[in-house]
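> everything below, folded, please.
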Amino acid sequence: MGAEHAERVLAIYQLGIDEGNATFETAAPTWEQFDAAKLPAHRSVAVDDTGKVLGWIAAVPVSDRCAYAGVVEHSVYVHPAARGRGVATALLHTLLASTEAAGIWTVQSGIFPENTTSLTLHLKAGFRIIGTRERIGRHHDRWRDVLLIEHRSTKP
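So this is what the prediction gives:
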């Protein structure tokens, strides 16, 4: 994922935000903010045969403490018109391969319980539910729960 993908990546992100069950965010960041936050080695886009971005995945470190050096949090977004075609599954497998190769031992995320499609996708990809963070934040003037999920490395 690079600057050449910025416009489409941010548009897909905004579409997910607008649907209301993907994130606490209410607006996509600028490309500069997005680019600075995401780990370059652990972000990818899925493109069609014309080069059009269908979806993206990216990870951020969860902490700068050395004890958490192998723990990242990820996000995955697919354009609504590209859903149901295996795009998110392919992106997840790409991320898990890159994090595994880099020695990252935990890939985690938070999912609103109402986002059953994302939850099913992640469970099929080998993630597990760690627990529910009840009323963890307010979103559009209401409290929201978040399911904490994780995928652990298969390396000892």
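
> and for residue 41, the neighbour number?
12 (other Cβ atoms under 10 Å). Any C-beta I mention is one placed from the backbone N, CA and C, and that applies to glycine too.

> residues in contact with it?
For residue 41, the contacting residues are 98, 102, by Cβ atoms under 8 Å, 6 or more residues apart in numbering.

> I'd assumed it was in a helix, is it?
Yes: if the criterion is DSSP: H, G, I helix; E, B strand; the rest coil, then residue 41 is within a helix.

> ok, it to residue 101 distance?
9 Å (Cβ to Cβ, to the nearest Å).

> repeat that for residue 43.
14 Å.

> those two: who's more crowded?
The neighbour comparison of residue 43 against residue 101 (other Cβ under 10 Å) goes to residue 43, with 25 against 11.

> isn't the more buried one right up against residue 72?
No: checked against Cβ atoms under 8 Å, the pair residue 43 and residue 72 is beyond contact range at 10.6 Å.

> which of the helices or strands spans residue 12?
Using DSSP states H and E, residue 12 sits in helix 6-19.

> residue 97 too?
Counting by DSSP H and E, residue 97 is found in helix 87-101.

> packing partners for that helix?
In terms of contacts (3 or more Cβ pairs under 8 Å, 6 or more residues apart in numbering; DSSP states H and E), helix 87-101 is packed against strand 43-47, strand 53-61, strand 71-78, strand 106-111, helix 116-124.

> and of these, who's closest to residue 131?
The minimum distance between residue 131 and these falls on strand 106-111, with 10.7 Å, by Cβ to Cβ.

> now find how far off-centre that closest one is within its chain.
Centre-to-centre, strand 106-111 and its host chain are 8 Å apart (Cα atoms, centre = their mean, to the nearest Å).

> flag the shaky bits of this structure, pLDDT-wise.
156 (pLDDT under 70).

> contacting residues around residue 149?
Residue 149 neighbours (Cβ under 8 Å, 6+ apart): 108-111, 119, 122-123, 127-130.

> show me which positions of whichever strand or helix holds it end up buried.
In the assignment (DSSP H and E), residue 149 maps to strand 142-152. Within strand 142-152, the residues that count as buried by 16 or more other Cβ atoms under 10 Å are 144, 146-151.
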